[in-house]
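Undergrad: Please find the sequence and the predicted model below.
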Amino acid sequence: MNDFAGMEELMQDFLTEASELLSDVDSKLIDLEKQPHDRDLLNIIFRGFHTIKGGAGFLNATELVTLCHLTENLFDNLRNGELVLNADLMDAIFAATGEVRQMFDALAQYRQPEAAPPHLISALHAALNGEAVVTQTVAPQVAVLESAADNSLSSSVASQDWNVLYQALVGTSPVQVQAGSDAGLASPSPAATQAPAGNVEASLPEARSFGRRGNDIPGNKAPAAGRRENEAGKDNTIRVDTDRLDQVLNLSGEIGLTKNRLTHLRTDILQGRSDAATLLALDESVSQLDMLVVNLQNAVMKTRMQPIGRLFNKYPRLARDLARQLGKDVELVLSGEETEIDKTMIEDLNDPLVHLIRNAVDHGVESSEQRAAVGKTAKSLVHLSAQQEGDHIIIRITDDGKGMRPEVIRNKAIEKGLINAESVSSLDDEQSLGLILLPGFSTKDEISSVSGRGVGMDVVKTNIEKLSGKISITSVPGKGSEFTISLPLTLAILPVLLLRLCNQSFAVPLSLVREILSVPPSDLQQIAGKATMVVRGEVLPVLSLASLIGWEQTDKPEVGVLMQIEKNSFILSADGFAGHDDVVIKSLDTFRPKGVAGVTMSSEGEIILILDIKELLGELCR
C-alpha cells in the first residue's frame, strides 16, 4: 500500500535531507550534554526539528509532525530558560530522535508512520509541564551480520561455466567453449574467451546516468517505485561536489576533441597517407588520449569518495546510549572525519565499527568506581580516528580501559575448545590477542543483550576481509587496547599480477605479492609428501595454481610468486607471467564461484578471473 502515491520523488528528497538533519541533531545533542547552557547548540537543534516538522507537514505525515512539534517545544523552553537540562530529560530527547528515525523508515516504504509510543509522549508532556521525566531505556539495536562461512558458494573455479561467466561480464553470448576434461574444466581455448570484434566496449562497467538533482548520481539499476536503493536495500545515491563533476565534464570534452583528431588521422592513414608528420601526429594524439583517460579515471574515482565523518557521526550517540545502559561514563572522541574513502566501503564498514565500539564500551573500559580504584579518571575515553597512509585508509579504535592479557586470552580459547594447548604454545602475544577474532570466542560467562555469544568479533574480521582489509590488535594490561583496520582506498580498481596457466590468464592481487621467482624442478624438495623450496634460508611450501583451482597440470611450472597472507608465506607456481595491470573489477552479483573475487577483461578481450587466494587456500591461511 502506498500512502504517498504521486509524491515518491518529494518523499525521497525529504528523507535524504531530513536524515542528514537528524544525524546532525544527534551529534549536536552529544555536544549539548557536555555543554547544557550553550544557546547556539540549542538553537541549532531547535531549527533542525523545526525543519523536519515543516517537511513532514508538507507530506501530511501527521504523527511525525506531532512528535517533532512536542520536541521542538521542549527545546524552545530550554533555550528560554524555562527548563533545565538533566540526564533523564536527555534520555527522553534521545528516545524522541530514535522514534523519528523509525518514522523515517516507515516513510521510506511510503507508509504513514504510526503514533509514537504513549510512554514517550507522556514523558515529553511531563517535561513540558516541569514534572519528573520517566523514560523506558531500550538497548541500542545493532544489525545482525552474517559470517562469510554462512554464504554457500555456488561453484568452484574448476567447474565454472565460462558461457555463463562471459554473459555476466559483457551481457552477450560467447563462442562455445570446448568440453571440460575429466579433472574438471579444461583450459578454455583463446577463442573461447575472446570478445567478438566490435564488442570490446561491452566489457566496460555500465554507465551511470545523472539524476534529476545535479548533486545526486543514481546507480545503474533503476529502483522500483522511485526508491534510490539497490536490491540489497542500500542507498544507491551519492553526493558529489559540483567542482568534481565540472572536472569530469571538462576532461570528457578534451577526450572528445582528441577523439575527433584521431578520427581525422585515421581517415588520412586509410587514404594512404603515412608520412613521418602523420605518424608523429598519431603518436602525439594517442599519448594525449592516454593521459586524458587516466585523468578522467582518477576524477571519476574521486566522485565515489566520501568523507568518513558521515559514518563516524553516528557513533557518539551509540556509545552514549550503551554507556547509559551499562552504568558507565564514556565519551567517544572522533578525529580524521575529513578522510575520504569509497562510498561503497563506507556502507560495508558500518557494522564492523558498530561491533568494535560496542566492544570497547562493554568489554574495554571499566566502570567509574573501578577506574577510581586504580587511579584513573571517572570518565573513560574511546577514540575513533581515520587517516590516509599511502594508498590505504587506517582506522583506529582505542580505549583507555583495562586492556587484555594474552595469557588469559590463550587460556579462554583452550577452555572453549577453539584451539589446543600445543598450538597455543607457539603463539606470541600479538597472535594470542588475535584469538578473540575466532568464532565462538568470548571472555564472558553469561550472555547479555550486549555480548557473550562470541560472534561479534568473528563477524568483524570476516567483514573487514571482505573489503580486502586487515585488522590488528595491540593491548597493554591496565592501560587499554587498540584495534587497527587497514583498508584500500577503493575496491573499484585493483592492482594485479597476471599469471598464465594453460593459455588462460588469472589475476592475483598485487598487494599479496612479495617477489617473483624461478622454480626449477631441481630446487624443489619433498617434505612430508609436499613440494617445498628454500628461499634465503627459509623453507616455503610450493603450491601449484593448477591444483588450487582443480585443473590438470600439463607441464611442470618453472615460475613462481612468493606471496604472503597474514603470517603465512608460500610460493604459487604457474606456467608464466603476463605482466601486471590496474584492472576494473566486475563483481558477480548473482553468483560467485568459490575462489573468485571478481572478473575483468583484458585489452585483447580475454576473460580474466581475479582469484581470491585466501579462499582457495582454505584452512592454510586460518
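TA: Perfect, I can see it now.
Undergrad: So, low pLDDT: which residues of the stretch 451-600 of the chain?
TA: Under the criterion pLDDT under 70, the flagged ranges of the stretch 451-600 of the chain are 451-456, 554, 566-567, 587-592.
Undergrad: I meant the stretch 301-450 of the chain, not that one.
TA: Ranges of the stretch 301-450 of the chain meeting pLDDT under 70: 443-450.
Undergrad: Where do the strands of it begin and end?
TA: Remark: strands assigned in the stretch 301-450 of the chain by DSSP state E, counting those that start in this stretch are 305-307, 330-335, 340-342, 380-389, 392-399.
Undergrad: Quick check: which of these is nearest to Leu524?
TA: strand 392-399 (35.2 Å; C-beta to C-beta). C-betas here are computed from N, CA, C, even on glycine.
Undergrad: and the closest one with strand 330-335, angle?
TA: 160 degrees (axes from the mean of the first three to the mean of the last three C-alpha atoms, to 10 degrees).
Undergrad: what's around the closest residue to Leu78 other than its chain neighbours, how many residues?
TA: Using C-beta to C-beta, 6 or more residues apart in numbering and skipping residues adjacent in sequence, the residue nearest Leu78 is Leu42, 5.6 Å away. Other residues near Leu42 come to 20 when the count uses other C-beta atoms under 10 Å.
Undergrad: For Leu42, pull up the helix or strand it's in.
TA: helix 39-58 (DSSP states H and E).
Undergrad: For that helix, enumerate the helices and strands it packs against.
TA: With contacts taken as 3 or more C-beta pairs under 8 Å, 6 or more residues apart in numbering; DSSP states H and E, helix 39-58 sits against helix 8-34, helix 62-79.
Undergrad: With Ser602 as the reference, name the closest of those helices.
TA: Nearest of these (C-beta to C-beta): helix 8-34, 39.6 Å.
Undergrad: and that closest one, what's its mean pLDDT?
TA: In this model, helix 8-34 has a mean pLDDT of 89.
Undergrad: and that helix, how far from the chain's centre?
TA: From the chain centre to the centre of helix 8-34 is a distance of 23 Å (C-alpha atoms, centre = their mean, to the nearest Å).
Undergrad: how about the strand or helix carrying Asp283: buried residues?
TA: Per DSSP H and E: Asp283 is located in helix 276-304. Using 16 or more other C-beta atoms under 10 Å as the test for burial, helix 276-304 gives 281-282, 285, 288-289, 292, 295-296, 299-300, 302-304.
Undergrad: quick one: contacts for the spatially closest residue to Pro316 that is not a sequence neighbour?
TA: Nearest residue to Pro316, sequence neighbours excluded (C-beta to C-beta, 6+ apart): Ile30, at 4.3 Å. Listed by C-beta atoms under 8 Å, 6 or more residues apart in numbering, the contact set of Ile30 reads Pro316, Arg317, Arg320.
Undergrad: most neighbours, which of those residues?
TA: The residue in these with the most neighbours, by other C-beta under 10 Å, is Pro316 (23 neighbours).
Undergrad: which ones are touching it?
TA: By C-beta under 8 Å, 6+ apart, the contact list for Pro316 reads Asp26, Ser27, Ile30, Leu332, Leu334.
Undergrad: give me phi/psi at Ile485?
TA: Torsion angles at Ile485 (phi, psi; degrees, to the nearest 10) stand at phi -110, psi 130.
Undergrad: Give the bridge partners for the nearest residue to it once chain neighbours are set aside, please.
TA: Spatial nearest neighbour of Ile485, excluding adjacent residues (C-beta to C-beta, 6+ apart): Ile395 at 4.3 Å. Beta-bridge pairing of Ile395 under DSSP bridges involves Ala386, Ile485.
Undergrad: okay but Ile395 is in contact with Leu487, surely?
TA: Yes - using C-beta atoms under 8 Å, Ile395 is in contact with Leu487, at 7.1 Å.
Undergrad: Same drill for those two, tell me which one is more crowded.
TA: Ile395 (26 against 22).
Undergrad: how far away is that one from Ser511?
TA: 17 Å (C-beta to C-beta, to the nearest Å).
Undergrad: ditto for Val354
TA: Distance, Val354 to Ser511, using C-beta to C-beta: 27 Å.
Undergrad: Met457 now?
TA: Distance of Met457 to Ser511, computed by C-beta to C-beta: 24 Å.
Undergrad: Between those two, point out the one with more neighbours.
TA: Met457 (25 against 17).
Undergrad: Next, the angle strand 392-399 makes with the helix or strand harbouring that one.
TA: Per DSSP H and E: Met457 is located in helix 456-466. Here helix 456-466 runs at an angle of 170 degrees relative to strand 392-399 (the same axes, to 10 degrees).
Undergrad: Which strands or helices does helix 456-466 pack on?
TA: helix 343-359, strand 470-476.
Undergrad: Please identify the most buried of those.
TA: helix 343-359 (a mean of 20; mean count of other C-beta atoms under 10 Å).
Undergrad: any idea of the angle that helix forms with helix 276-304?
TA: Angle of helix 343-359 versus helix 276-304, following the same axes, to 10 degrees, is 30 degrees.
Undergrad: shift numbering so it begins at 644
TA: Yes, from this point I'll number from 644; that puts the last item at helix 986-1002.
Undergrad: and helix 986-1002, what does it pack onto?
TA: So helix 986-1002, by 3+ C-beta pairs under 8 Å, 6+ apart, packs with strand 948-950, helix 952-955, helix 958-969, strand 1023-1032, strand 1035-1042, helix 1099-1109, strand 1123-1131.
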